[in-house]
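Using only what follows, build the 3D model:
(one chain, ligands or ions: 1)
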Amino acid sequence: MRNVVIMGSGCAGNTAAIYSARANLKPLVISGHEAGGQLSLTSLVENFPGFPEGIHGPELVENMKRQAENFGAEYMHGAVIEADLSKRPFRLNVEGEWIETRTLIVASGASARWLGLENEQKLIGHGVSSCATCDGFFYRGKKIMVIGGGDSAMEEANFLTRFGQEVTVVHRREEFRASKIMMDRARHNPKIKFLTSTVVDDVFDASKHLVTGVRLRNVKTGELWEQDVDGFFVAIGHIPNTKVFRGQIETDDEGYILSKGGARTSVPGVFHAGDVQDRVYRQAITASAAGCMAAIEVERYLEAEGH
Ligand SMILES: Cc1cc2nc3c(=O)[nH]c(=O)nc-3n(C[C@H](O)[C@H](O)[C@H](O)COP(=O)(O)OP(=O)(O)OC[C@H]3O[C@@H](n4cnc5c(N)ncnc54)[C@H](O)[C@@H]3O)c2cc1C
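Numbering: from 1, shown residues only. Below is the predicted model of the structure:
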């Protein structure tokens, strides 16, 4: 029987592990299929406090893991494929092995939706990004492309005009899903151009390990053409990793955990941390902060129960 199991090994899970390990709770972290979380996909992280020259994403999360292990946190490979939160102890199926725990911190993140192109996947962190706040700074004076037609695409495009010489928004439909206010703001921005009824067929150049351009296709006419691009931002949404808790923890329509104050979820003893609940900020530092909050709540919860 575990005191606390942490589901996810990104910034949120690792920080929760540091705090709960230092509180002597001997946490077990289930790494999931993306050990280290989203930061393991990126190269230089320049906005995590404490690293004036920046730090590579994989190194940052590996450091956090080592820090947690130094205080006694254990890590387990695999993903939670089934969960029973209907009674205590909670039961989690980690790829065939059932684990029992008094408390659970859900730090399973929200995966960015990608277009699914082979070269797009190869170039994530090398010109392909899903986060303007994180990576916009790298594209000062460069040509930027944003894919998507919703509010987040418009927000990313507007933000990126602070850096890029031009920002092209590519959207597969003629009409946009974005709200009128976001659309108006984007349309009035002289640096933003729109390409509608257009999809991306390929991203170049994986052999150089950086984005140099894209091949585009007009879905109405079938016309194909290539365009030079330095930064390629995919803004077509995120998928919160909460499928295994469906019907057990309250979520919103898209599956983000609904907070019941602090780090609490609708199930007493189950806490949330990081992007799995946060559809607004989605940063390493906010995820880490949320991991800290969840661990402190676990500690107090267990103490109140006399453990
Ligand atoms: C390309 C890229 C660049 C970025 N750059 C920056 C940056 O420069 N600065 C910044 O502040 N932020 C950046 N971000 C955002 C930042 O990475 C996220 O906000 C942060 O990683 C969220 O942390 P998290 O722990 O909540 O979730 P994640 O990092 O998404 O981690 C989720 C964890 O949950 C695990 N998991 C999922 N499902 C299961 C399951 N069923 N069972 C067990 N485990 C599971 C995964 O394996 C993973 O370990 C970037 C994101 C991307 C994609």
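
can you list the residues of the stretch 151-300 of the chain near the ligand?
241, 244, 274-275, 282-285, 287 (CB under 6 Å from any ligand atom). C-betas here are computed from N, CA, C, even on glycine.

Can I get these in TSV including distance to residue 235?
Listed next are those as TSV, based on distance: CB to CB, whole Å:
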residue	distance to residue 235
241	19
244	27
274	20
275	15
282	12
283	16
284	19
285	21
287	19
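
Which single one of those is nearest to the ligand?
Proximity of these to the ligand (CB to the nearest ligand atom) peaks at residue 274, which lies at 2.2 Å.

What distance do you get for the closest residue to that closest one other than its chain neighbours to residue 277?
Spatial nearest neighbour of residue 274, chain neighbours left out: residue 12 (2.8 Å); criterion: CB to CB, 6 or more residues apart in numbering. According to CB to CB, to the nearest Å, residue 12 and residue 277 sit 9 Å apart.

what touches both of those two?
residue 290 (CB atoms under 8 Å, 6 or more residues apart in numbering).

Pull out the buried positions in the strand of greatest length in the chain.
When the chain is scanned for its longest strand (criterion: DSSP state E), the result is strand 97-106. Within strand 97-106, the residues scored as buried using 16 or more other CB atoms under 10 Å are 99, 101-106.

Dump the residues you listed to CSV, plus pLDDT and distance to residue 248.
Shown next, in CSV, are the buried residues of strand 97-106 (pLDDT from 0 to 100; distance: CB to CB, whole Å):
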residue, pLDDT, distance to residue 248
99, 98, 16
101, 98, 14
102, 98, 17
103, 98, 15
104, 98, 11
105, 98, 15
106, 98, 11
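
Which residues of the stretch 1-150 of the chain lie near the ligand?
Near the ligand, when you scan the stretch 1-150 of the chain using CB under 6 Å from any ligand atom, you find 7-13, 30-35, 37-39, 41-42, 45, 47-48, 79-80, 107-109, 112, 124-125, 129-131, 134.

from the residues you listed, which ones fall inside helices?
11-13, 134 (DSSP state H).

pLDDT of stretch 134-146, averaged?
In this model, stretch 134-146 carries a mean pLDDT of 95.

To clarify, my last question referred to stretch 20-37.
For stretch 20-37, the per-residue pLDDT averages 96.

how far does the one helix or strand in the chain whose mean pLDDT sits lowest sit from the chain's center?
Least confident helix or strand, the chain: strand 44-45 with a mean of 89, by mean pLDDT, DSSP states H and E. Centre-to-centre, strand 44-45 and its host chain are 15 Å apart (CA atoms, centre = their mean, to the nearest Å).

now for it, which elements pack on it?
strand 55-56, helix 57-70 (3 or more CB pairs under 8 Å, 6 or more residues apart in numbering; DSSP states H and E).

Export the buried residues of strand 97-106 as CSV, with columns for distance to residue 26.
As requested, these are arranged in CSV below (distance: CB to CB, whole Å):
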residue, distance to residue 26
99, 13
101, 11
102, 12
103, 12
104, 15
105, 14
106, 19
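
can you pull the contacts of residue 145?
Taking CB under 8 Å, 6+ apart, one finds 167-170, 214, 227, 229, 231-233 in contact with residue 145.

Now it. Its backbone dihedrals?
The phi/psi pair for residue 145 (degrees, to the nearest 10) reads phi -120, psi 140.

quick one on the thing from earlier: would you list the ones in helices among the residues of the stretch 1-150 of the chain next to the ligand in a markdown table and tack on neighbour count?
Shown next, in a markdown table, are those (neighbours: other CB atoms under 10 Å):
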| residue | neighbour count |
| --- | --- |
| 11 | 32 |
| 12 | 36 |
| 13 | 36 |
| 134 | 21 |
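
Of all pairs in the residues you listed, which one is the farthest apart?
Taking CB to CB, the two most distant members of those are 13 and 134; they sit 18.8 Å apart.

one step back: okay, the helices and strands packed on strand 44-45, which one's buried deepest?
Of those, the one with the most neighbours on average (mean count of other CB atoms under 10 Å) is helix 57-70, at a mean of 18.

hmm, who's touching that helix?
Contacts for helix 57-70 (CB under 8 Å, 6+ apart): 9-11, 14-15, 17-18, 21, 27, 29, 36-45, 48, 51, 55, 75, 125, 284, 288.

In strands, which of the residues you listed fall?
Short answer: the contacts of helix 57-70 in strands (DSSP E) are 29, 44-45, 55, 75.

which SS state does residue 83 fall under?
Using DSSP: H, G, I helix; E, B strand; the rest coil, the structure places residue 83 in strand.
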